[in-house]
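Novice: make a model of this:
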Amino acid sequence: MDQIKWCMQQKKGIELVEPSDNLREAYLIKAEDALDTLKTSKSRDWQLTTAYYTIYNGLYSLLMKIGIKCEIHSCTIEFTKRFLKDHFSSQDFELIDKAFSARIDSQYYVNRQVPDQNYDLIMKKTPAFLVKCKNIVIEQKEITEMRVRISSVR
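Specialist: Now for the predicted structure:
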């Protein structure tokens, strides 16, 4: 089954809501707060967690601009890959995936180590990723097209 369709069928999955510039700004503030915590934390686990939430809240700010609510992180990421692919590079999607996996490994497991190579990439690329999210402009025409496409998935 198509993952977007599955996400739309879930209780806290993808749903259309009213687009909100105010919520977009609120999620960007949350992303900035996470980035500040990342910069001051001495714990590798918390650095990975806050890096992920910097990235995630940056993405979620874009969903709020479009009017998409989703409480399932993998669905938010899938929506981004499918509907915002023109705004992100393959390297951006690699960062998102690595940060998502690293956060799960570091937050929920005591016996899983995040490879240094992934840790270094996440630490290096997260601040620029947030800047990218802040600078993405989604025109009303594109928002309307996305909303029509998502509402036709059933």
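
Novice: what is the burial count for residue 118?
Specialist: Neighbours of residue 118 under the rule other Cβ atoms under 10 Å: 19. To be clear about C-beta, it is placed using only N, CA and C from the backbone, and glycine gets the same treatment.

Novice: which strands or helices does the helix or strand where it lies pack on?
Specialist: Using DSSP states H and E, residue 118 sits in helix 116-135. Applying 3 or more Cβ pairs under 8 Å, 6 or more residues apart in numbering; DSSP states H and E, one finds that helix 116-135 makes contact with helix 21-40, helix 44-66, helix 90-108.

Novice: just how off-centre is it within its chain?
Specialist: Centroid displacement of helix 116-135 relative to its chain, using Cα atoms, centre = their mean, to the nearest Å, is 12 Å.

Novice: other residues contacting it?
Specialist: 28, 31-32, 35, 38, 44, 47-48, 51-52, 54-55, 58-59, 61-62, 88, 91-92, 95, 98-99, 101-102 (Cβ atoms under 8 Å, 6 or more residues apart in numbering).

Novice: again, only this time at 6 Å
Specialist: The contact list for helix 116-135 (Cβ atoms under 6 Å, 6 or more residues apart in numbering) reads 31, 35, 51, 54, 55, 58, 95, 98, 99, 102.

Novice: in the next helix or strand after that helix, what counts as buried?
Specialist: Downstream of helix 116-135, the next assigned helix or strand under DSSP H and E is helix 140-151. Across helix 140-151, burial judged by 16 or more other Cβ atoms under 10 Å covers 146, 147, 150.

Novice: off-centre distance for helix 140-151?
Specialist: Centroid separation for helix 140-151 versus its chain: 19 Å, with Cα atoms, centre = their mean.

Novice: so what touches that helix?
Specialist: For helix 140-151, contacts defined as Cβ under 6 Å, 6+ apart pick out 66, 83.

Novice: check the gap between the residue most central in space within the chain and residue 87 for me.
Specialist: By Cα atoms, centre = their mean, the chain has its centre lying nearest to residue 56, at 3.0 Å. As for residue 56, its distance to residue 87 is 16 Å (criterion: Cβ to Cβ, to the nearest Å).

Novice: pLDDT of the helix holding residue 118, averaged?
Specialist: Here helix 116-135 scores 97 as its mean pLDDT.

Novice: how about it as PDB, C-alpha atoms only?
Specialist: Listed next in PDB are the C-alpha coordinates belonging to helix 116-135 (Å, rounded to 0.1, in the frame of the first residue of the first chain):
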ATOM      1  CA  ASP A 116      30.900   8.500  14.000                       C
ATOM      2  CA  GLN A 117      30.500   9.200  10.300                       C
ATOM      3  CA  ASN A 118      26.700   9.700  10.700                       C
ATOM      4  CA  TYR A 119      27.200  11.700  13.900                       C
ATOM      5  CA  ASP A 120      29.700  14.000  12.300                       C
ATOM      6  CA  LEU A 121      27.400  14.500   9.200                       C
ATOM      7  CA  ILE A 122      24.400  15.300  11.400                       C
ATOM      8  CA  MET A 123      26.300  17.700  13.600                       C
ATOM      9  CA  LYS A 124      27.800  19.500  10.600                       C
ATOM     10  CA  LYS A 125      24.700  19.700   8.400                       C
ATOM     11  CA  THR A 126      21.900  20.400  10.800                       C
ATOM     12  CA  PRO A 127      22.400  24.200  11.200                       C
ATOM     13  CA  ALA A 128      22.400  24.800   7.500                       C
ATOM     14  CA  PHE A 129      19.400  22.500   7.000                       C
ATOM     15  CA  LEU A 130      17.400  24.800   9.400                       C
ATOM     16  CA  VAL A 131      18.500  27.800   7.400                       C
ATOM     17  CA  LYS A 132      17.300  26.100   4.300                       C
ATOM     18  CA  CYS A 133      13.900  25.400   5.800                       C
ATOM     19  CA  LYS A 134      13.600  29.000   6.900                       C
ATOM     20  CA  ASN A 135      14.400  30.300   3.400                       C
END
